[in-house]
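> Sequence and predicted structure, then a few things I'm wondering about:
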Amino acid sequence: MRDRLLNNRLKTLAAIFVLLISYPLVSIASRNGEVMGIPRLFIYLMVVWLGVIALLFLLIELYKRRK
């Protein structure tokens, strides 16, 4: 039961990641502009990527503790 729940949560996280790096959202972030000399697109992609990694870590750790 818990394995199925974890599997569903991981699939949902993967779907959210795909949506966040899809063209419409990336095109918004890729408009001209910089934050402290760093392109907005680079910042957006790194924040999304690190956020997904952090959420994966939390999901796996919570799963391990409950098992």
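Nice, thanks for sending it over.
> quick one: the residue nearest to the spatial centre of the chain from Leu20, how far?
Among the residues of the chain, the one closest to the centroid is Val52, at 2.9 Å (CA atoms, centre = their mean). Separation of Val52 from Leu20 (CB to CB, to the nearest Å) stands at 8 Å. Every C-beta, even on glycine, is put in place using the N, C-alpha and C of the backbone.
> on that earlier part again, for Arg31, see how far away the residue nearest to the centre of the chain is.
23 Å.
> before we move on, what about Lys64?
Distance from Lys64 to Arg31, by CB to CB: 41 Å.
> and Arg31, helix, strand or coil?
Recorded secondary structure, Arg31: coil (DSSP: H, G, I helix; E, B strand; the rest coil).
> related to what we said a few turns ago, pull up the gap between the closest residue to the residue nearest to the centre of the chain other than its chain neighbours and Gly51, please.
Using CB to CB, 6 or more residues apart in numbering and skipping the chain neighbours, the partner closest in space to Val52 is Phe17 (4.8 Å). Relative to Gly51, Phe17 is positioned 9 Å away (CB to CB).
> quick one, which of those two is more surrounded?
Phe17 (17 against 14; other CB atoms under 10 Å).
> what residues are up against Asn7?
Shown in contact with Asn7 (CB atoms under 8 Å, 6 or more residues apart in numbering): no residues.
> Ok, Leu20 next?
Counted by CB under 8 Å, 6+ apart, Leu20 has contacts Val48, Val52.
> if you set the cut-off to 7 Å instead, what comes out?
Applying CB atoms under 7 Å, 6 or more residues apart in numbering, we find Leu20 in contact with Val48.
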